[in-house]
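> Okay, predicted coordinates and the sequence, questions at the end:
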Amino acid sequence: MARCLLRLDRGRAVLVGWAGSALIIGGFGSLSCAGKQAAVPERRDSLTSDSLRQSIARQIGTATCSSPAVCRTQALGSKPCGGPRQYLVYSLTVTDSARLAADAARYSEAEARMNREKGLMSDCSMLVPPQVGCVSGRCAAIQSEGRRAY
């Protein structure tokens, strides 16, 4: 008889069998193991965060520019120890910065809530916003001495 373990991995239910193999299932439905049903919890926060993250990516688009003056960064996400998980580079030419900031705040709040609920931990390193520039017609992070582009 196989032993089973149901766990969540990045918002997906994962059923791990006796051989250590995993089956990734969507966020809904049920799983069975050894004839017993195991409910898969609905992950609305995860689904909302995924769709919000896709919306943010669409807002940024290709981040076209003709000058570095239109290039900006936006903090996104929430590390368990605090601070953003990453910085996005965008162009004022393409992106409504007020809408992007509002959506990024909603996404970050959802991630912070998930971190608290799951008791997650991180390396507690603080990210530095990258310097940005217009490279080949697109806003991009520019790595400079003493700063790391993310």
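Nice, thanks for sending it over.
> Tell me if I'm right that V89 and A75 touch.
No. Look at V89 against A75 with C-beta atoms under 8 Å: they stay out of range, at 11.5 Å. In short, each C-beta sits where N, CA and C put it, glycine included.
> Give the residue from the two that has the larger number of neighbours.
Neighbour comparison, V89 and A75: the larger count goes to V89, with 23 against 17 (by other C-beta atoms under 10 Å).
> Now that one: phi and psi?
phi -110, psi 130 (degrees, to the nearest 10).
> show me what contacts it?
I60, A63, C71, R72, T73, P130, V132, C139, A140, A141 (C-beta atoms under 8 Å, 6 or more residues apart in numbering).
> State the pLDDT value of C33.
For C33, the pLDDT comes out at 42.
> Can you mark which positions in the helix or strand where C139 lies are buried?
Using DSSP states H and E, C139 maps to strand 138-142. For strand 138-142, the neighbour count (16 or more other C-beta atoms under 10 Å) marks C139, A140, A141, I142 as buried.
> Kindly report the same for stretch 115-132.
The neighbour-count check on stretch 115-132 (16+ other C-beta under 10 Å) flags N115, P129, P130, Q131, V132 as buried.
> ditto for stretch 57-69
Those would be Q59, I60, A63, C65, for stretch 57-69 by 16+ other C-beta under 10 Å.
> re the thing from before, check the contacts of V89 and tell me the two furthest apart.
I60 and P130 (14.4 Å; C-beta to C-beta).
> looking at it, S67 is touching V132, isn't it?
No. Contact criterion C-beta under 8 Å: S67 and V132 do not qualify, at 11.4 Å.
> tell me the domain ranges of the protein?
5-42, 45-142 (automatic domain parsing).
> least reliable of these going by mean pLDDT?
Looking at those, the bottom one is domain 5-42 with a mean of 38.
> Okay then, goodbye and thanks.
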